[in-house]
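Undergrad: Provide a 3D model corresponding to the input given below.
(2 chains)
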Amino acid sequence: MLVARELTKSFPSGDRTITVLRDVSFTIADGEFVAIVGPSGSGKTTLLGLLAGLDTPSAGSVLLDGVDLARLSEDARARLRGEKVGFVFQSFQLIPTLTALENVRVPLDLRGDDNALARATDLLARVGLANRTHQYPGRLSGGEQQRVAIARAFVNAPRVLFADEPTGNLDHATGVHIVELLEQLNRDANTTVVIVTHDAELAARARRVIRLSDGLIVEDRVRAA
Amino acid sequence: MTTPVTSRATNLWRTLAALAWRDTRTTRRRLVLSMSSIAIGVAALVAVDSYSADVVRSIHVQARSLLGADLSVSARRTLPAPALAWLDSLRARGAAETQVTTFSSMAVGGSLAGGGKGTRLVQVRAMGPGAPFYGKIETSPSDKWKELQSGPFAIVDSALLIALDAKIGDTLSLGYERFAIIATLRNVPGDVGVASALGPRVYIPDRYLAATQLLTYGSRAEYETLVRLPSSMDADALVKSHRELFDSLQVRARSVADTERSLTRSIEQLGRFLGLVGLIALLLGGTGVASALRAYMAEKIDAIAVLRCLGASASQVVWMFVIEAAGLGLAGALMGVVLGVGAQLVLPHVLGSFIPVDVAPQLEWRPMLSGLALGTWVGVLFALGPVLGVRNVAPLQVLRRDDDRAQGSSRSAWRDPARIVAALVLAATVVSVCIARADSPTVGLWMSAGVSAAIGAIWVAAIVCARLARRLARFRWSFIVRHGITNVDRPGNQTRAVVLALGFGAFLLGTLAVVQGNLLRQLSSAANASAANLAFFDVQTDQAAPLDSLLRSRDLPVLSQVPIVPMRIAAYQSHKPPLRARGDRRDTSASGAEANRPSWAVRREYRSSYRDSIASSEKLTAGRWWTSDGPDADGVFEISLEQSLAEELGVSVGDTITWDVQGVRIRTRITNLREVEWTRFEPNFFVVFQPAALREAPQSYVMLTRVNDDASRAKVQRDAVLRFPNVSTIDLTLIENAVGTILDRVSLAVRFMALFSVVTGVLVLVSAIAASRRQRVRESVLLKTLGATRSQVVRMLFTEYALLGAIGSVAGILLAVGGGWAAVHFIFKTPFAVTPLSLAAVAAATMLLTVVTGLFAARDVFSETPMTALREV
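TA: A predicted model of the protein is given here:
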């Protein structure tokens, strides 16, 4: 379970302080598929960063499986991410010096998991890249790179997967394919998926949509099953 | 009035320059950092050239003081009658003359009668009245030089006072005469600082020389006459016009101009050698510039594509970056010039002990301007490769990015005529710089071949080591280590440039360590073996038996007693023409006669020996050893020649040589050639005779013994010298100390030059890290996002830099073993052994430097928060 309690994030800017998020609170249950939407500058990415423990809030707290992220050190948050969190980015963020298989292994390698090879191979096969395992990112198309990124995001069987504009750099057909993949993995592993997106079509596929505007939640709607 | 066309062209250039300036706005610091790798090479060149110019200027100003006269005539024996007659004729025309006699002898602290305090082998210079005619010998207390001639006085090196435990006012015995020490030497024009390491100097008045009774039969001394000429006479012309006379008399004549020429030549050679290191550092810095710019241009592709969309032609874009590169090259070279002027002030402390003049540093414009020009030019040439690559950036790339096309693959670079021309111009620049620095085009070509070979060898070693290192990633290391290893190959990592510069530094330091280690090992093994460690020489025939019994009475072994007979070559028959005189090659253009001067090997005095068998330090390389003892039917004796001497004379087995032994002619035939291990502590000879040839000749002896403890060794030397004042001793530990001192000074100079290369390596590394900073930050925050802790990121970087340092040091050290072997084998001609400890120390230091520099330069990389990954770096 992922809980946001009265999250506020402010940045100093010259003499002023800019508040990007104000008193944001919600609870996301295990296995939910949530889209966070809103116009540019509404605070979507800041919220995602706080939820994933990539950043610390100015006030309020984030609880992942009951653990208050703000109370953990940076390294402890990194370890927690390694165990319970997966990420998919708009620009794929693969490491160019590693092959597809090596990229997928990274989260398991970082914690010294012996099953890294088998698990990474299996996940690459599940995203349809069984025959591309030894290619470097530069040799893969955008869609293939995002599939590698999804395989990497799921390799550590995360409790929560955060996706930041996962279809933003892809053509429509590939984007649809990627979303279907996310949905399938969400169903199969009961992983909570939190997506930040501008894409109305993608947002429409989520069961719950949280809409932000000027750092405030203006809508939190659950689509009828 | 300017035409519209020229004003349009001027405007275009102005616009391009302005664009170039604006383009660097956000990256100026980083670009200047990349160019600073050139600065170090420029600094080395400016420092070395300025210092040589300082020294050459000082030599010119002080040349007369260095010789101490307008003209000097010297020989290894008293001057022969024709030379004296010539000097008389000069005196008749108004010249003044005085004598200087130089030889080695034992000095005893305290008087002979008083039993003496200590003994030390010294270089005695007996000075005639008025010597030197020019230049001032400075003493402490000051102005004591003029008192030297007024009695049995001595002025000595302060090191001698320490060795003899004496002070000013004490007595010093040389042979049978006592001298009062009135001062110590502070500065002697023309003497290099390290000279006293071999034997402290003792100046005495000439008129007391006979009373010492030191110059007996077989003693080695140099007899020099200093001449002061009236201003109407030209010393240089006098020497040149009588060259044949001097050669035939085996006499050396030097004018002030000769002295200046030969010293200037030596300094220029030293400058040339050190300048080579600077040139190599400059080229290594250049490779750093090329790789830094490659990374920079990769970042610029979007901006270039936009410029192309807005109507800029490919050539305008190229020119814009060429202007940028020239500006940055100029900035780097300027930094280099400033650093070089600073280093010029340090060089006298590093090289001062090898330089015979007092040097006052001053700003030398020529080296500064040529360093500035060369640095800028080399910067532009190295930048051209990556800059020319941007011609291929199409305007379409604004919409669709294609990295491969933008940069051009390395294969297409080889086919690109513009880049080939750039490479050729670079090669031509290196060759022209070498030729300009050498005294002949041939030497220049050899120098450029040497520079290319050194860089090429490091390059190949770096590539091989990097390939091997890449294979390490295949082993089952932890992810952290594997990732660190793969990172060495990171695009834009400038691995090759960094490894080249670090490797060259490790190569210089490693070679130095190997050579130094081998020479010292050779000396200490000679000292430790159950061989001799104390030699008595100039032992006269009637002194041999008493000295033998003196040694035996103290249970000291007489390990060998070797006869020595001085002689010269009277005539010889050679199968090929004799070599030119070595020291006079510069004069070959002066006249045909100069070119045909007989070699030093023909003119020198030989100190030969006789025995019936080959020594353990020798190896026969041709012919056979004699089995009988006596002349053949024609009265010809057999001799054995050292191999390199035979080559110098152009003779071999079967050829004949006639020797002049104190006026007696002895005809000999070469029966065999030998290779001699000169470094052994025992008398070695160029020429060994059949005993029957020399047994009756006037001779002196060298006697060798071994005394284990220092106190007994000092005591036996003192007692022997007190009984036989003309006998000198050589203590092996003193030689070890002297060689150690000289090696220390030499290695200081080499280390100083190696420093330029090491600093270049550090700068290339720092600029490489700065150039790939974006990529590194992106990767480290991504890893943190995926669960990596800060310490894991640091360990990855540590592995990367440790491996980079390891590749550089292994490449450098492999070559250092080769270079060290070549130096030890060909120059010092001693057996070679790898010195693993010193090499390991060099490798460890290189790695440590790389790791510390790398982690320091990248410290902001691992402190970035993972949120940056979301925000896009």
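Undergrad: can you pull the contacts of residue 69?
TA: If you meant another chain, say so; for now it's chain A. Applying Cβ atoms under 8 Å, 6 or more residues apart in numbering or on different chains to A:Leu69 gives the contacts A:53, A:56, A:61-63, A:77, A:80. To be clear about C-beta, it is placed using only N, CA and C from the backbone, and glycine gets the same treatment.
Undergrad: oops, chain B please
TA: Residues near B:Ala69 by Cβ under 8 Å, 6+ apart: B:132-134, B:226-228, B:256.
Undergrad: make it 7 Å
TA: For B:Ala69, the contact set (Cβ atoms under 7 Å, 6 or more residues apart in numbering or on different chains) comprises B:132-134, B:226-228.
Undergrad: any idea how far the residue in chain A positioned nearest to chain B lies from B:Leu783?
TA: Nearest residue of chain A to chain B (Cβ to the nearest Cβ) works out as A:Gly82 at 2.2 Å. With the distance defined as Cβ to Cβ, to the nearest Å, A:Gly82 ends up 10 Å from B:Leu783.
Undergrad: Return the member of the contacts of B:Ala69 nearest to B:Val380.
TA: Nearest to B:Val380 among the contacts of B:Ala69 is B:Tyr134, at 49.5 Å by Cβ to Cβ.
Undergrad: got a pLDDT number for the closest one?
TA: Per-residue confidence (pLDDT) for B:Tyr134: 88.
Undergrad: Verify the contact between it and B:Arg64 for me.
TA: Yes - counting by Cβ atoms under 7 Å, B:Tyr134 touches B:Arg64, with 4.3 Å between them.
Undergrad: can you map out the helices along the stretch 501-650 of chain B?
TA: Along the stretch 501-650 of chain B, the segments classed as helices by DSSP state H, counting those that start in this stretch run B:541-553, B:592-595, B:600-603, B:643-649.
Undergrad: JSON lines for those, including distance to B:Arg76 and mean pLDDT?
TA: Below are the helices of the stretch 501-650 of chain B laid out as JSON lines (distance: least, Cβ to Cβ, whole Å; pLDDT from 0 to 100):
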{"stretch": "helix B:541-553", "distance to B:Arg76": "21", "mean pLDDT": "91"}
{"stretch": "helix B:592-595", "distance to B:Arg76": "22", "mean pLDDT": "41"}
{"stretch": "helix B:600-603", "distance to B:Arg76": "10", "mean pLDDT": "75"}
{"stretch": "helix B:643-649", "distance to B:Arg76": "17", "mean pLDDT": "86"}
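Undergrad: So what would you say the end-to-end distance of stretch B:248-260 is?
TA: Chord length of stretch B:248-260, first to last residue, is 24 Å (Cα to Cα, to the nearest Å).
Undergrad: what pLDDT, on average, does that stretch get?
TA: Stretch B:248-260 carries an average pLDDT of 85.
Undergrad: Buried residues in that stretch, which are they?
TA: Buried positions in stretch B:248-260, judged by neighbour count with 16 or more other Cβ atoms under 10 Å in any protein chain shown: B:249-260.
Undergrad: A:Val218 falls within a strand, correct?
TA: Yes - assignment of A:Val218 by DSSP: H, G, I helix; E, B strand; the rest coil places it within a strand.
Undergrad: Any idea how many residues pack against B:Leu339?
TA: The burial count assigned to B:Leu339 is 20, neighbours taken as other Cβ atoms under 10 Å in any protein chain shown.
Undergrad: What's the first helix or strand after the helix or strand harbouring it?
TA: Applying DSSP states H and E as the criterion places B:Leu339 in helix B:314-351. Note on helix B:314-351: by DSSP H and E, the next helix or strand toward the C-terminus is helix B:365-389.
Undergrad: Show me what that next one packs onto, helices and strands only.
TA: On a contact count with 3 or more Cβ pairs under 7 Å, 6 or more residues apart in numbering or on different chains; DSSP states H and E, helix B:365-389 meets helix B:28-67, helix B:256-309, helix B:314-351, helix B:417-437.
Undergrad: For the following helix or strand past the first one, which outside residues touch it?
TA: Read that as helix B:28-67. Using DSSP H and E, the helix or strand that follows helix B:28-67 in sequence is strand B:71-75. By Cβ under 7 Å, 6+ apart, the residues outside strand B:71-75 that reach it are B:79, B:83, B:87, B:222-227, B:229, B:235, B:238-239, B:250-255.
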